[in-house]
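Colleague: Provided below for reference: sequence and predicted model.
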Amino acid sequence: MRLTWIMGVAIALGCGGGGNDDAASDETADSSASADGSSASVSDGSSTAGTGADATASGTGVGPGEDPWDFQCHDDEDCGDGTCVPLVEGGVNVCVGAPFEATMCTPGMSGEDPPHQCCDTSECQAGLCTPSPYGPSCSGAQQDPINVCATDQCAMHDDCAAGSACIPAGALGFPVASCLQVACLRDSDCTEGAGGHCVIAPSTTCCGDGQPRCRYADSPPIGDECPP
């Protein structure tokens with residue numbers, strides 16, 4: 001059992017995900033987090049999610065007869081040193097680990113220094129210093145990661161636009177609590193076919209953009225490039 005989403009820094013161009021790819025101001029970066037990387041409460045009015053102890057928490061928890069492309073966790077053991085939490089009560093689960101923080105400024109692939117906003121969190125007026133882009137993303141043409149100062153974008157799902165969910169810091173590759181457009185949060189959201197389930201899975205054309213998606217009894221395999 002395993003988890004295929006990218007945790008921590010994503011250095012690939014995003015496809016189908018909600019990764020951050022621009023260097024925002026020192027106070028915000030399209031997503032957000034607390035200055036010390038502490039837990040970010042995420043709620044729709046009933047559920048909360050906090051960080052665990054490992055930014056690389058992973059696992060699947062796929063049981064017999066379940067969709068082999070469902071990479072959500074089912075208990076803390078699936079998450080290494082992290083914690084398995086539901087995004088909403090009775091909904092899809094994600095592993096939450098300690099948010100990834102930058103501790104140095106790395107040179108670019110060309111040898112030139114990228115326009116980093118910070119080299120570590122002590123240089124941020126608020127939030128934490130983290131490499132960007134981040135969040136679920138596909139493999140593709142590489143680009144230099146740029147350190148940005150980021151602060152929490154949301155504390156509950158209602159803080160996000162319709163159709164988006166508040167993803168806790170340390171989940172799905174987000175170092176900060178971030179709004180992500182999702183297809184579902186519960187099985188009851190999946191009504192376009194028989195046997196609909198809300199799962200954590202990559203898109204059919206990408207491996208690393210694991211996020212909440214609906215899969216049905218007749219959903220095709222993700223693809224040979226993303227084996228279960």
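Modeller: Okay, I see it. This structure is a prediction, so every number in the text was calculated from the model and none was measured.
Colleague: from G196, how far off is L180?
Modeller: 20 Å (Cβ to Cβ, to the nearest Å). Yep, even glycine has a C-beta here, placed from its N, CA and C like the rest.
Colleague: which of these two has more neighbours?
Modeller: L180 (24 against 18; other Cβ atoms under 10 Å).
Colleague: and the gap between the more buried one and V94?
Modeller: 11 Å.
Colleague: do C129 as well
Modeller: From C129 to V94 the distance is 23 Å (Cβ to Cβ).
Colleague: which one's more surrounded, those two?
Modeller: V94 (30 against 27).
Colleague: CA atoms only: put stretch 174-192 into PDB for me.
Modeller: Written as PDB, here are the backbone C-alpha positions of stretch 174-192 (Å, rounded to 0.1, in the frame of the first residue of the first chain):
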ATOM      1  CA  PHE A 174       0.800  21.500   0.800                       C
ATOM      2  CA  PRO A 175       3.100  23.000   3.400                       C
ATOM      3  CA  VAL A 176       0.300  25.500   4.400                       C
ATOM      4  CA  ALA A 177      -3.500  25.300   4.700                       C
ATOM      5  CA  SER A 178      -4.600  25.800   1.100                       C
ATOM      6  CA  CYS A 179      -7.800  26.000  -0.900                       C
ATOM      7  CA  LEU A 180      -7.900  23.200  -3.600                       C
ATOM      8  CA  GLN A 181     -10.600  22.700  -6.200                       C
ATOM      9  CA  VAL A 182     -11.900  19.100  -5.600                       C
ATOM     10  CA  ALA A 183     -14.500  16.900  -7.200                       C
ATOM     11  CA  CYS A 184     -15.800  15.400  -4.000                       C
ATOM     12  CA  LEU A 185     -15.400  15.200  -0.200                       C
ATOM     13  CA  ARG A 186     -17.700  12.300   0.500                       C
ATOM     14  CA  ASP A 187     -19.000   9.300  -1.400                       C
ATOM     15  CA  SER A 188     -22.400  11.000  -1.600                       C
ATOM     16  CA  ASP A 189     -20.800  13.700  -3.800                       C
ATOM     17  CA  CYS A 190     -20.200  11.000  -6.500                       C
ATOM     18  CA  THR A 191     -23.500  10.700  -8.400                       C
ATOM     19  CA  GLU A 192     -22.500  10.400 -12.100                       C
END
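Colleague: what mean pLDDT does it have?
Modeller: If you average the pLDDT over stretch 174-192, you get 94.
Colleague: same question, stretch 129-141
Modeller: 74.
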